[in-house]
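Colleague: compute the structure for the input listed below.
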Amino acid sequence: MLKVPGENLPKVYNRLFDPVDAKGQDVLIVGGGDTALETAIAVAEHAKSTTISYRKPAFSRPKEGNVEKLNKLVSDGKLKLMMESEVKEVKEDKVILVDNKECADCGSKDVIIDNSMVFTMIGKELPLDFFKRSKIQMEGELSLTAKLQFALLILFAGVLYFGKSSADLFEHFFGKANSWSDVFSNLFNAQFWINFAALPVLILQTIFSDAVKVWSFTKYFNAFVAYLSLIGFILLGVYLLYKFFKDYLPQLKLNWQTFKYFYFITIGIFFAVVFFGGRYFGLELLGKSQSFWYTGFYSLTILLFGLRRIKMKPTRYIKLQTWTLILIQALPLFIFPEIVFPFLGKIGALGAKDGFIFTQVFPGESYWRSYGFILAWPLFLSNMYSSNVTTFWLIFSFIQTFVFIPYIVYRWGKGAYCGWICSCGALAETLGDEYRTLALHGPKAKKWKNFSQWALLAAFVVTGLKLLSGLYDFNIPIISEKISYTADILHNIYYIGIDMIFAGVLGVGVYFFLSGRVWCRFGCPLAAWMNIVNRFSRYRILSEKKKCISCNICTKVCHMGIDVMNYANKGIPMNDVECVRCSACVVNCPTQVLSFGSLPKTDPNNKLYKDIKIDLSNKSANWGSGL
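Modeller: From the prediction side, this is the model:
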């Protein structure tokens, strides 16, 4: 509805029955999509006069063919365009429009045109009330239980990310446990629960005492937030577990959904044991560190859900991409740092303790640094900010981030890293595959991606100050101790804001509700750097516009929020820098409109696409098409 006076008059229609009905009429068409333009083209041949009113300064969604026909009618004097205008009132023989074109002297003004027929081609209202009465749930509509699950996941992420940076305080308040039996016996100890209930008061007393310095404040703050998150998580978890056994268990079926939820519950219980036992009591399960179990189950999750993705969409592209993600996660991000390197170091196969490997690559047997071979700066800031920034990691990280990644992005697009290498992307393309249609779309979501540019700037500042503070050891007069102090303060802020809250709490907490790419789109500083480089990439998603039926499926399945259809139905090479090359739009297109391709030369603003002739006739034979 236009929501203006007179729109219920008999002369106002919201669909075209027969263009001949417009013969001899003064017609106004409201709207700027294909339906509006096709209506205008059809009735212009019969009407006395035809006018299109559209609220924006230019058409963005219609097919080029419709725009060309429209412009021809305008040039022939059969049709008038009133861009940046809106209907104010519909009368029996006239329509009052508001002309919003910028005017330094007059501003907006009313325009009255003769009219005897109006077509409001601005979409249809869905019968949502009818569906609700029929107990049919609409996609994206959250029930009360779903909202509580959303809150539970946020609380879980809060316990995880705020708790892991404040674990040493637990021993300070509760004492030390020497075995797992001590841990479980505490659950039946009244004094333990008294201390646990009093924990927030003790933390607040410590925070506001002289014992806390500026640089250690965050530790106590994190402990306080983790405590509140844990209380909320337990209370809400008990309720939802009750709902699960009451409502879901009686209807239990041995299918994928059942396996998935029991997998989540099992992992959650196991994770709780490992996390609390390791973080708060210093106990290792089966002699393995927390990082071993975390990365092990992370890799297992990618394997299981990756196999599920391959089964559901067994195209050659998806098979190659998914197996690449599985193997990169399993080998360099789990087996090598957690099993192979420690074993080789123990038997002396990595060289002497004062050799290159243990002084530059893994100083002090810090095998976690090997994550930096895959996770580039600034996604993995630790190698550049740790207490010992070695020459090897300084040079390697620079080449990796500013030479290797720009090269592969230029050749194959941002998705060459985000969709084929990155650990975050691996989880999003496997575990997150079922939730990709939940991604935020639209101009507001597009604006939020600018936050990652600020995260990139912060990473540059923090790293730069850390490198400068390293020069303090060489007694350079202009480098003072205050720089090191400032670097630590800013790193704590960066760690809480970016690593913990955005990448951790929000990235994990919204995974099953806003898609698995929220962190990649809105917060990842490495993605922000690749977005800059990707502007000059030759990679594109190409389209055959004559096949496009404007079904919008390509846009719906894009978990980066790209309006793919806006490119496809015009035949414009898709040059949005956010694309991670997941192939979902290509694979899900019902008419095989889309394919991967590479332009012969850089064209950042898509100015040359009409002049660059690319043969798409044999694309189905090319595995790169995704089909």
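Colleague: please report how far the residue nearest to residue 452 when sequence neighbours are not counted lies from residue 270.
Modeller: With Cβ to Cβ, 6 or more residues apart in numbering as the criterion, residue 452 has its nearest non-adjacent residue at 3.9 Å, and that residue is residue 528. Heads up, the C-betas are built off the backbone N, CA and C, glycines and all. From residue 528 over to residue 270 the distance is 35 Å, taken as Cβ to Cβ, to the nearest Å.
Colleague: what about the residue nearest to residue 452, how many residues nearby?
Modeller: Residue 528 has 22 neighbours, counted by other Cβ atoms under 10 Å.
Colleague: any idea how far residue 420 is from it?
Modeller: From residue 528 to residue 420 the distance is 19 Å (Cβ to Cβ).
Colleague: residue contacts, the residue nearest to residue 452?
Modeller: 452, 453, 455, 456 (Cβ atoms under 8 Å, 6 or more residues apart in numbering).
Colleague: which among those residues count as buried?
Modeller: 452, 455, 456 (16 or more other Cβ atoms under 10 Å).
Colleague: of those, which belong to helices?
Modeller: Among the buried ones among the contacts of residue 528, the members found in helices (DSSP state H) are 452, 455, 456.
Colleague: pull the distance from stretch 330-341 to the chain's centre.
Modeller: 27 Å (Cα atoms, centre = their mean, to the nearest Å).
Colleague: which strand or helix spans residue 87?
Modeller: Using DSSP states H and E, residue 87 sits in strand 85-90.
Colleague: can I get the CA coordinates of that strand in PDB?
Modeller: Only the C-alpha atoms of strand 85-90 are listed here, as PDB (Å, rounded to 0.1, in the frame of the first residue of the first chain):
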ATOM      1  CA  SER A  85       9.200  11.600  -6.600                       C
ATOM      2  CA  GLU A  86       6.500  10.100  -4.300                       C
ATOM      3  CA  VAL A  87       2.700  10.000  -4.400                       C
ATOM      4  CA  LYS A  88       1.100  12.400  -1.900                       C
ATOM      5  CA  GLU A  89      -2.600  12.000  -2.800                       C
ATOM      6  CA  VAL A  90      -4.800  10.300  -5.400                       C
END
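Colleague: over to residue 270: give its phi and psi.
Modeller: Main-chain torsions, residue 270, degrees, to the nearest 10: phi -60, psi -40.
Colleague: and if you look at residue 595?
Modeller: phi -160, psi 160.
Colleague: burial measure for it, as a count.
Modeller: Using other Cβ under 10 Å: residue 595 sits among 22 other residues.
Colleague: wait, it sits on residue 586?
Modeller: Yes: counting by Cβ atoms under 8 Å, residue 595 touches residue 586, with 6.3 Å between them.
Colleague: remind me which helix or strand residue 96 belongs to.
Modeller: strand 94-99.
Colleague: now the angle between strand 85-90 and that strand, please.
Modeller: 150 degrees (axes from the mean of the first three to the mean of the last three Cα atoms, to 10 degrees).
Colleague: strand partners (parallel or antiparallel) of strand 94-99?
Modeller: Sheet pairing for strand 94-99, assigned by DSSP bridges, gives strand 85-90 (antiparallel), strand 109-114 (antiparallel).
Colleague: how far away from the center of its chain is the first one?
Modeller: So that's strand 85-90. That offset, for strand 85-90, works out to 39 Å (Cα atoms, centre = their mean).
Colleague: which residues touch it?
Modeller: 2, 4-7, 9, 11-12, 28, 30, 53-55, 95-101, 110-111, 115, 118.
Colleague: with the last one instead?
Modeller: Residues outside strand 109-114 that contact it (Cβ under 8 Å, 6+ apart) are 26, 28, 49, 51, 82, 85, 88, 93-99, 103.
Colleague: any chance of CSV for the ones in helices among the buried ones among the contacts of residue 528, columns distance to residue 346 and pLDDT?
Modeller: Formatted as CSV, these follow (distance: Cβ to Cβ, whole Å; pLDDT from 0 to 100):
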residue, distance to residue 346, pLDDT
452, 40, 91
455, 38, 92
456, 39, 93
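Colleague: helices along the stretch 401-550 of the chain, start to end?
Modeller: 405-412, 415-418, 423-430, 443-448, 451-470, 481-494, 507-509, 518-522, 525-534 (DSSP state H, counting those that start in this stretch).
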